[in-house]
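Colleague: All I have is the shape, not the residue letters:
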């Protein structure tokens with residue numbers, strides 16, 4: 001039975017990283033499912049209160065970092081609120097269109113089109129599109145690092 005539980009936990013951890021390419025997968029949630037399976041079905045005594053507090057804080061940072069990175073880079077590169085919103089929609093749509101390339105191309109084109117529709121110059125629109133690309137990549141790197149820290153901490157704790 002332990003082997004099956006470990007396989008499920010490992011699958012949860014892998015899925016959390018798959019969420020970087022497929023944003024429809026809730027990365028933090030599947031991480032927590034892995035932690036909770038271990039806690040409730042294997043050995044609850046090994047995971048300390050410090051571990052749980054740290055995981056809550058890291059989860060909050062994980063969720064907020066993605067939002068902040070996208071917003072920061074689109075704004076920094078001259079994008080509008082509509083550009084920010086179209087980047088978010090583009091990431092979702094792009095996850096279904098030839099991932100992982102759709103995650104890069106679709107938000108880029110969505111922001112470009114949105115900014116052009118707002119009567120911005122081609123240069124301004126292109127710059128905002130670059131910002132959305134950097135925001136997505138920055139958020140993805142932050143999510144990868146935070147998820148890796150969470151998983152490594154879990155294994156160090158047990």
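Modeller: Yep, it's here. These numbers were taken from a predicted model, which means no experiment stands behind them.
Colleague: Residue 30 reaches residue 19, doesn't it?
Modeller: Yes - here residue 30 reaches residue 19: they are 7.2 Å apart, a contact under Cβ atoms under 8 Å. Where C-beta positions appear, they are placed from N, C-alpha and C, glycine not excepted.
Colleague: so which strand or helix has the closest residue to residue 133 other than its chain neighbours?
Modeller: Counting by Cβ to Cβ, 6 or more residues apart in numbering, residue 108 is the residue found nearest to residue 133 once chain neighbours are left out, at 5.4 Å. Per DSSP states H and E: residue 108 is located in helix 101-117.
Colleague: next helix or strand past that helix?
Modeller: Per DSSP H and E, the helix or strand that comes after helix 101-117 is helix 122-157.
Colleague: What is that following helix packed up against?
Modeller: helix 2-18, helix 27-41, helix 49-76, helix 81-94, helix 101-117 (3 or more Cβ pairs under 8 Å, 6 or more residues apart in numbering; DSSP states H and E).
Colleague: Would you mind giving these as TSV with mean neighbour count and mean pLDDT added?
Modeller: Listed next are those as TSV, based on neighbours: other Cβ atoms under 10 Å; pLDDT from 0 to 100:
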stretch	mean neighbour count	mean pLDDT
helix 2-18	15	97
helix 27-41	18	96
helix 49-76	16	88
helix 81-94	20	86
helix 101-117	20	91
